[in-house]
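> what's the 3D shape of this:
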Amino acid sequence: MQSVAKLILIVSISLLTSCFFGPVKELKIQIEDSWQDDSIPENPSPLNNAPAINSTKLWEQSLGSKTDNNLEFSICDNKLFIASPEGSIFSINPLNGNIDWEKNINTKIIAGVSCNKKNIFLVTEDGFVQAIDHQGEVLWRVLVGQIYTKPFVQDDSLIVKTISNEFVSLNVETGNQNWIYRSPSPPLTLKSWGKLNYSDGIIYAGIPSGKCLALDFNSGALIWESTFSQPKGSTDIDRANDTTSQPIVVGPFLFVIASKGNLAMLDKKTGEVLWTRALSSFYGLETNNESIFAVHNSGAIYSVSMETSKVHWRNSDYLNRNIRQVTLLNNIILVGDYDGFLHYVDIVSGKTIGREKISSSSIINIMLVENKLMILDSSNNLFSFLVEDDKIDLSKQNNSNHSNMIIDNEETSKAIQSNEQEESFLDELIFWD
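I've put the predicted structure just below:
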């Protein structure tokens with residue numbers, strides 16, 4: 001009788017999951033779209049009590065229209081450059097927030113802004129890459145193709161990745177093509193704004209099917225291509241397991257994460273996979289050279305040992321609150337949510353130690369500039385804050401050592417069994433797997 005009951009239970013679960021996970025994946029996409037429209041996500045976690053943070057708003061600049069995650073501000077030569085999707089580009093003094101100049105190029109801007117000491121670079125919806133000097137004059141524009149990734153500038157080259165996974169290197173002064181590399185693409189890929197990275201003459205980038213590649217910076221020659229997260233499933237939708245975030249270089253290692261699969265450490269010279277663990281993210285990684293910090297697709301924040309791949313801690317306070325970016329500020333982690341709250345998380349314990357309301361729109365970009373916080377929201381409002389709080393010291397480097405702090409208490413191990421490399425069931429049930 002017991003075996004019959006077990007059989008009925010197994011069949012019921014199979015039928016439930018077969019008709020459940022497909023719609024959940026579609027729901028995930030719908031939620032993503034609603035977040036981009038600055039709507040309230042489904043079932044956001046209510047905020048628990050947290051101390052208020054003492055900070056002073058130095059200035060605020062409203063740039064007039066909504067923006068998106070693949071449009072970021074950049075600072076070069078003591079100037080801040082930012083764009084709006086409608087085609088306006090701004091040069092702003094980061095000390096006082098004054099607009100030095102504004103230029104409208106009359107074309108929708110899709111990705112950027114990148115900059116060097118002379119120029120800024122961006123991508124428009126018609127497939128052109130543009131270079132504009134620091135006075136606002138257009139220098140050149142080159143047709144490359146549809147791009148959602150922020151242009152990557154290094155030395156005298158600008159490298160862009162198209163949605164068909166073509167990598168194109170352009171001369172920063174002239175726009176002339178240096179080289180092009182075409183990576184094979186599966187039938188279905190995810191819209192990705194994952195940035196490129198560079199180290200020791202090599203360009204690193206994530207590509208579809210749970211892969212990462214390394215290209216020679218000067219020639220575009222393929223050095224290696226490595227699969228660190230095998231796609232699963234029988235349909236193209238099921239197997240759409242892309243690397244949608246920026247690879248992180250730490251010494252001789254490369255850290256990458258797939259949209260529905262694994263976090264991995266690779267040998268940056270050979271692409272050999274040194275370890276993997278189950279953890280999925282669209283939004284990418286940060287590191288303090290001891291731990292890897294990732295935002296799961298659900299909004300849970302993880303701290304993972306670089307050396308062992310075990311989980312130090314998991315913070316599940318912000319499920320479904322549109323937590324996309326982890327910003328490390330020495331001894332703390334900063335994350336912003338859909339409702340304009342800025343949350344301060346202790347880097348060692350993973351506990352929330354403070355919170356403040358910054359905006360009424362989703363926070364999409366946070367940067368530390370000379371001990372001041374520069375924050376951009378989805379309504380293209382730019383803020384500068386000075387944090388003056390005993391709990392938060394932005395001037396000191398974080399010297400915490402996690403090597404003896406693998407957490408094995410009931411509070412965390414119930415959510416994650418790191419020795420077995422299992423994902424939190426809640427995270428993976430609701431989102432993708």
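
> which residues pair with the closest residue to Lys79 other than its chain neighbours across the strands?
Among residues not flanking Lys79 along the chain, Ser91 sits closest, at 5.5 Å (C-beta to C-beta, 6 or more residues apart in numbering). Any C-beta I mention is one placed from the backbone N, CA and C, and that applies to glycine too. For Ser91, the beta-bridge partners under DSSP bridges are Phe81, Trp101.

> Quick one: the strands in the stretch 301-433 of the chain, in order.
301-305, 311-315, 327-329, 332-336, 341-346, 352-357, 363-369, 372-377, 381-387 (DSSP state E, counting those that start in this stretch).

> where's Phe228 relative to Asn93, distance?
Going from Phe228 to Asn93 by C-beta to C-beta, to the nearest Å gives 43 Å.

> With Ala258 instead?
40 Å.

> who's more crowded, these two?
Each of Ala258 and Asn93 has its neighbours counted (other C-beta atoms under 10 Å); Ala258 has more, 29 against 14.

> wouldn't the more buried one be in contact with Thr243 here?
Yes. Shown here, Ala258 and Thr243 form a contact pair, counting by C-beta atoms under 8 Å, at 5.4 Å.

> hey, what's in contact with both of these two?
Taking C-beta atoms under 8 Å, 6 or more residues apart in numbering as the contact rule, Ala258 and Thr243 both touch Gly206, Gly210, Ser229.

> Isn't the second one up against Ser229?
When you say that, I think you mean Gly210. Yes. If you go by C-beta under 8 Å, Gly210 and Ser229 touch, sitting 3.1 Å apart.

> Touching both of those two, which residues are there?
Common neighbours of Gly210 and Ser229 (C-beta under 8 Å, 6+ apart) are Asn241, Thr243, Ala258, Gly261, Asn262.

> Next step: these restricted to helices.
Using DSSP state H, no member of these falls within helices.

> which of these lies closest to Asp155?
Thr243 (24.9 Å; C-beta to C-beta).

> Show the contacting residues for the closest residue to the closest one other than its chain neighbours.
The shortest distance from Thr243 to any residue other than its chain neighbours is 2.7 Å, reached at Gly206 (C-beta to C-beta, 6+ apart). By C-beta under 8 Å, 6+ apart, the contact set of Gly206 is Ser192, Gly194, Cys212, Asp242, Thr243, Thr244, Ser245, Gln246, Pro247, Val256, Ala258.

> Same question for Lys351.
Contacts of Lys351 by C-beta under 8 Å, 6+ apart are Asn315, Val345.

> Quick check on it: phi, psi?
Note on Lys351: backbone dihedrals following degrees, to the nearest 10 are phi -90, psi 140.

> Same check on Leu143?
phi -80, psi 120.

> show me the contacts for it.
Asp126, Gly127, Phe128.

> so which of those residues would you say is closest to Asn315?
Gly127 (40.1 Å).

> what about the closest one, how many neighbours?
If you count neighbours by other C-beta under 10 Å, Gly127 ends up with 14.

> was I right about it contacting Gln146?
Yes. Counting by C-beta under 8 Å, Gln146 is a contact partner of Gly127 at 5.6 Å.

> what's across from the residue nearest to Ala52 when sequence neighbours are not counted in the sheet?
Leaving aside its sequence neighbours, Ala52 sits nearest to Glu356 (C-beta to C-beta, 6+ apart; 6.3 Å). For Glu356, the beta-bridge partners are Leu342 (DSSP bridges).

> For Glu356, give its distance to Trp59.
Glu356 is 16 Å from Trp59, by C-beta to C-beta.

> Just give me the neighbour total for Asp390.
6.

> got it, and Thr149?
Thr149 has 24 nearby residues by other C-beta under 10 Å.

> how about the nearest residue to it, chain neighbours excluded?
In space, Thr149 is closest to Lys161, 4.7 Å off (C-beta to C-beta, 6+ apart).

> Show me what the one you found is bridged to.
Beta-bridge partners, per DSSP bridges, of Lys161: Phe167.

> so it touches Ala205, yeah?
Yes. The pair Lys161 and Ala205 qualifies as a contact (C-beta under 8 Å) at a distance of 6.1 Å.

> Can you work out which residues contact both of these two?
With C-beta under 8 Å, 6+ apart as the test, Lys161 and Ala205 both reach Phe167, Leu196.

> Which one's more surrounded, the two?
Lys161 (29 against 25).

> need the contact list for that one.
Ile147, Thr149, Phe167, Val168, Leu196, Ala205 are the contacts of Lys161 under C-beta under 8 Å, 6+ apart.

> change it to 10 Å
111, 144-145, 147-152, 167-168, 181, 183, 192-196, 203, 205-207 (C-beta atoms under 10 Å, 6 or more residues apart in numbering).

> Excluding residues flanking it in the chain, which one is nearest Lys108?
Per C-beta to C-beta, 6+ apart, closest to Lys108 is Glu125, 4.3 Å.

> show me the residues around Gly251 that make contact.
Ser199, Lys268, Asn289, Met306.

> any idea how far the residue nearest to Thr243 is from Asn176?
27 Å.

> overlap in contacts of Gly127 and Gln146?
What both Gly127 and Gln146 touch, as defined by C-beta under 10 Å, 6+ apart, is the set Ile110, Thr162.

> okay, the contacts of Leu143 in a markdown table with secondary structure and pLDDT next?
Putting these into a markdown table (DSSP: H, G, I helix; E, B strand; the rest coil; pLDDT from 0 to 100) gives the following:
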| residue | secondary structure | pLDDT |
| --- | --- | --- |
| Asp126 | coil | 91 |
| Gly127 | coil | 92 |
| Phe128 | strand | 95 |
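
> what's the neighbour count on Ser291?
Neighbours around Ser291, by other C-beta under 10 Å: 24.

> With the one 3 residues further on instead?
For Ala294, the count of nearby residues is 22 (other C-beta under 10 Å).

> And the residue nearest to Lys108, how far from Gln325?
Applying C-beta to C-beta, the value for Glu125 to Gln325 is 24 Å.
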